[in-house]
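Enquirer: Here is the input, now give the coordinates:
(one chain, ligands or ions: 2)
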Amino acid sequence: MSGLELENVIAGYRGRPVLHDVSLAIPARGSLTVVGPNGSGKSTLMKTVVGLLRPDKGRVLLEGEDITRLDPPERARRGLGYVPQEANVFRSMTVLENLKVAFEFTPPRSGAGLAARIDGVLELFPEIRPKLKTAAGHLSGGQRQMLAMAAALMPEPTVLALDEPSAGLSPKNAELLFAAIARIAAAGVTLLMIEQNTRLGLSVAARGLVLVAGQVKAEAPAEALLSDTLMQSLYLGGR
Ligand SMILES: Nc1ncnc2c1ncn2[C@@H]1O[C@H](COP(=O)(O)OP(=O)(O)O)[C@@H](O)[C@H]1O
Ligand SMILES: [Mg+2]
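Expert: Ligands and ions are numbered 1, 2, ... in the order given. Below you'll find the model as predicted:
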């Protein structure tokens, strides 16, 4: 069974499609990075997955269950975690308070307690352990993204959707963040990521999908896309 699946999705704005018959499937515990030029529909795809946009046609499936008609909080309760690109933490609250709020908003279905979940996420993000009493607004950009991911993991989601995690980060912080993302994937969370930094995004995922003008141009092992010079020069800004 797939962890996450899009089935022939057509979606857009005011009746004008942006995604044209997009299908994808991420196996449970698998990972997929969506790359593609600006304006190709990556954010639209993410909005469709998390429920901020209702597709005109097609279905979204979470662990085999049709979630197409569910709103974002209900998708979260079913195990879909989401880290938006921006405004993804409460800046005036401490790191610890952010983690608590995330836990209270969507308690884990496993019944795991707050302390156990905090331990769990701090194992994945040891970088924020010394910062528990720090206001999120005082963290570095990279630490703040780690906190956003840690908060999204508090409810123990089975699938985590990440929108442009490297946006606005220095190359060094982006590397650190992606090391953390690799740990999330290794922990068995199904991962869907959208990333402008093609090399970094594909480096931590099992598979990559190239979205161009709202259509799937390629879906292949991430390594194969990384070494495909024609694909790189045609669609991914070359290197
Ligand atoms: N809220 C919106 N209303 C109307 N058109 C939009 C909206 N958001 C995005 N679009 C259009 O949809 C297309 C794809 O945008 P987007 O999904 O943001 O692409 P990407 O994230 O790959 O850069 C673009 O042509 C963009 O102008
Ligand atoms: Mg975008």
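
Enquirer: quick one: low-confidence parts of this protein?
Expert: Flagging of the chain using pLDDT under 70 yields the residue ranges 238-239.

Enquirer: Contact residues of it facing ligand 1?
Expert: Neighbours of ligand 1 within the chain, by CB under 6 Å from any ligand atom: 13, 18, 36, 38-44. Using the backbone N, CA and C atoms, a C-beta is placed for each residue, glycine as well.

Enquirer: Just want the most central residue of the chain.
Expert: The residue at the geometric middle of the chain, judged as the C-alpha nearest the mean C-alpha position with CA atoms, centre = their mean, is L162 (1.8 Å).

Enquirer: Test my guess that that residue contacts A148.
Expert: No - L162 is beyond contact range of A148, at 9.1 Å (criterion: CB atoms under 8 Å).

Enquirer: can you list residues touching both of these two?
Expert: Taking CB atoms under 8 Å, 6 or more residues apart in numbering as the contact rule, the neighbours common to L162 and A148 are V83.

Enquirer: Close to ligand 2: what parts of the protein are there?
Expert: The chain comes close to ligand 2 at residues 42-43, as judged by CB under 5 Å from the ion.

Enquirer: List the buried residues for stretch 121-128?
Expert: Under the neighbour-count criterion of 16 or more other CB atoms under 10 Å, stretch 121-128 has 121-122, 124-125, 127-128 buried.

Enquirer: Which ones among these map onto helices?
Expert: Cross-referencing those with the helices (criterion: DSSP state H) gives 121-122, 124 as the overlap.

Enquirer: Looking at these, spot the one nearest ligand 1.
Expert: Ranking those by separation from ligand 1, with CB to the nearest ligand atom as the measure, puts L124 on top at 26.9 Å.

Enquirer: So which elements touch the longest helix along the chain?
Expert: Of all the elements of type helix in the chain, the one with the most residues (DSSP H) is helix 171-186. Here helix 171-186 is seen to pack against helix 114-124, helix 141-153, strand 190-194, helix 198-203 when contacts are counted using 3 or more CB pairs under 8 Å, 6 or more residues apart in numbering; DSSP states H and E.

Enquirer: Would you indicate which residues of it are buried?
Expert: Buried residues in helix 171-186 (16+ other CB under 10 Å): 173-174, 176-178, 180-181, 184-185.

Enquirer: ok and that helix relative to helix 141-153, angle-wise?
Expert: 20 degrees (axes from the mean of the first three to the mean of the last three CA atoms, to 10 degrees).

Enquirer: Show me the contact partners of helix 171-186.
Expert: Contacting residues not belonging to helix 171-186 are listed as 31, 124-125, 127, 140-142, 145-146, 149, 153, 160, 162, 165-166, 169, 191, 193, 197, 200, 203-206 [CB under 8 Å, 6+ apart].

Enquirer: Go ahead and build a PyMOL selection from the buried members of those.
Expert: Paste this into PyMOL to select the buried members of those, with burial taken from 16+ other CB under 10 Å:
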select buried, resi 31+124+125+127+142+145+146+149+153+160+162+165+166+169+191+193+197+200+203+204+205+206
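
Enquirer: Which stretches in this structure count as strands?
Expert: Secondary structure of the chain by DSSP state E: the strands cover 2-13, 16-27, 31-35, 57-62, 65-66, 80-83, 159-163, 190-194, 207-212, 215-221.

Enquirer: hang on, the earlier thing: give me the buried subset of the residues of the chain next to ligand 1.
Expert: Of all the residues of the chain next to ligand 1 considered here, the ones buried according to neighbour count by 16+ other CB under 10 Å are 18, 36, 40-44.

Enquirer: Now do the same contact list for the residue in the chain positioned nearest to ligand 2.
Expert: Closest approach of the chain to ligand 2 (CB to the ion) occurs at S43, with a separation of 3.3 Å. Contacts for S43 were tallied using CB under 8 Å, 6+ apart; they are 163, 194.
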